[in-house]
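Student: Below are the sequence and a predicted model for it; my questions follow.
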Amino acid sequence: MSTVGEQTPITLADLPILSSFPSWRGFALHSLVIVAVYRCVVCDRPRESTMVATRGECGELICPKCFAHLVRTENRGLPHQLD
């Protein structure tokens, strides 16, 4: 049951994608044709940007700020691998 003024969450499938970058550390980064207005699933804040990240197959949107934080802190404490 929906209430008046309730919005359906926006996913990647709802947005016009200019290009997508290969998955990195489980995240995919997407450049958009427009400035998208959405709610980030990590910080739960309304965001506006031309770039979004997703994780996995669900297509839920992660803002650039949370993406940067997650990537920096996700593997903290693990030794760096040398090629």
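Tutor: Noted; the coordinates are in hand.
Student: mind showing which ranges of the chain have poor pLDDT?
Tutor: Along the chain, the model assigns pLDDT under 70 to residues 1-8, 74-83.
Student: tell me the strands in the protein, going along the chain?
Tutor: 17-24, 27-39, 46-55 (DSSP state E).
Student: Could you identify which of those strands is most buried?
Tutor: Highest mean neighbour count among the strands of the chain (mean count of other C-beta atoms under 10 Å): strand 46-55, with a mean of 17. Bear in mind the C-beta positions are built from the backbone N, C-alpha and C, glycine included.
Student: what residues does stretch 18-26 touch?
Tutor: 28, 29, 30, 31, 32, 33, 55, 56, 71, 74, 75 (C-beta atoms under 8 Å, 6 or more residues apart in numbering).
Student: Let's have those in TSV, adding distance to residue 63.
Tutor: Formatted as TSV, these follow (distance: C-beta to C-beta, whole Å):
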residue	distance to residue 63
28	14
29	12
30	12
31	14
32	12
33	18
55	12
56	17
71	13
74	16
75	20
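Student: Looking at the residues you listed, which two lie furthest apart in space?
Tutor: 33 and 75 (31.9 Å; C-beta to C-beta).
Student: wait, which of the strands of the chain is closest to residue 10?
Tutor: strand 27-39 (4.6 Å).
Student: quick one, the closest one and strand 46-55 angle?
Tutor: Between strand 27-39 and strand 46-55, the angle comes out at 150 degrees (axes from the mean of the first three to the mean of the last three C-alpha atoms, to 10 degrees).
Student: for strand 27-39, packing partners?
Tutor: Applying 3 or more C-beta pairs under 8 Å, 6 or more residues apart in numbering; DSSP states H and E, we find strand 27-39 packed against strand 17-24, strand 46-55, helix 64-74.
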